[in-house]
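In: Requesting a structural model of the entry that follows:
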Amino acid sequence: MNKSEAIKLLRSEDWTKEDAMRALETVNFKSNPDEITIRRAISHFAGSELINRQRLQAAQKGLVTKKNKEIGQKDNENQSLYYQNKILELKIKQLIEDNNDLIETNEQIIKENKALKNLVDEIRIKLAINTKKLLQYEDSEIRKALVHMFNLTLG
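Out: Residues are numbered from 1 along each chain as shown. Modelled structure (predicted):
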């Protein structure tokens with residue numbers, strides 16, 4: 001039996017290729033060993049060593065599975081954070097637009113207030129001029145009422 005046939009034999013018994021190759025390292029295939037010789041050679045490897053190896057492999061697979069789950073969870077968290085960032089970016093854009101609208105509205109109100117102040121000032125000037133003209137008349141009662149009204153309009 002050659003080495004590849006021995007590996008096939010062990011693979012048919014659910015050995016991994018790597019384990020079979022390790023177990024067969026001590027076998028001299030130049031002497032064309034039979035199946036019994038091969039089984040004797042691998043018996044040391046097939047016992048506790050193989051069980052320990054399989055336990056190590058199972059533990060390693062468990063770690064890989066655990067890491068894969070952690071990576072998947074991190075990916076989900078990252079994706080969640082990505083969507084939260086997108087939502088926040090949209091909210092920020094909306095707030096910026098609202099702020100710009102408020103700035104424009106405020107500027108418009110300032111202009112309108114200035115125009116209104118100018119109009120009120122113009123009315124006060126005309127009122128003062130007209131009151132001055134009325135105060136030139138002789139009747140003291142009219143004069144007193146006009147002074148009182150004039151004082152009220154000036155605040």
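In: Let me know the average pLDDT across the longest helix anywhere in the chain.
Out: Assignment by DSSP state H gives helix 50-135 as the longest helix of the chain. Helix 50-135 carries an average pLDDT of 91.
In: next structured bit after that helix?
Out: For helix 50-135, the succeeding helix or strand toward the C-terminus, using DSSP states H and E, is helix 140-153.
In: And that following helix, what's buried?
Out: 146, 150 (16 or more other Cβ atoms under 10 Å). Backbone N, C-alpha and C define where each C-beta goes, glycine included.
In: what angle do it and helix 50-135 make?
Out: 170 degrees (axes from the mean of the first three to the mean of the last three Cα atoms, to 10 degrees).
In: same for helix 140-153, what does it pack against?
Out: Judged by 3 or more Cβ pairs under 8 Å, 6 or more residues apart in numbering; DSSP states H and E, the packing partners of helix 140-153 are helix 50-135.
In: how far away is residue 12 from residue 5?
Out: 11 Å (Cβ to Cβ, to the nearest Å).
In: the more surrounded of those two?
Out: A count of neighbours by other Cβ atoms under 10 Å puts residue 5 above the other of residue 12 and residue 5, at 12 against 8.
In: Compute the distance between that one and residue 132, please.
Out: 129 Å.
In: What of residue 62?
Out: Noted for residue 62: a distance of 102 Å to residue 132, by Cβ to Cβ.
In: same deal with residue 112?
Out: Applying Cβ to Cβ to residue 112 and residue 132 gives a distance of 30 Å.
In: just residue 58 next, same as before
Out: 108 Å.
In: ok, now how distant is residue 107 from residue 93?
Out: Residue 107 is 21 Å from residue 93, by Cβ to Cβ.
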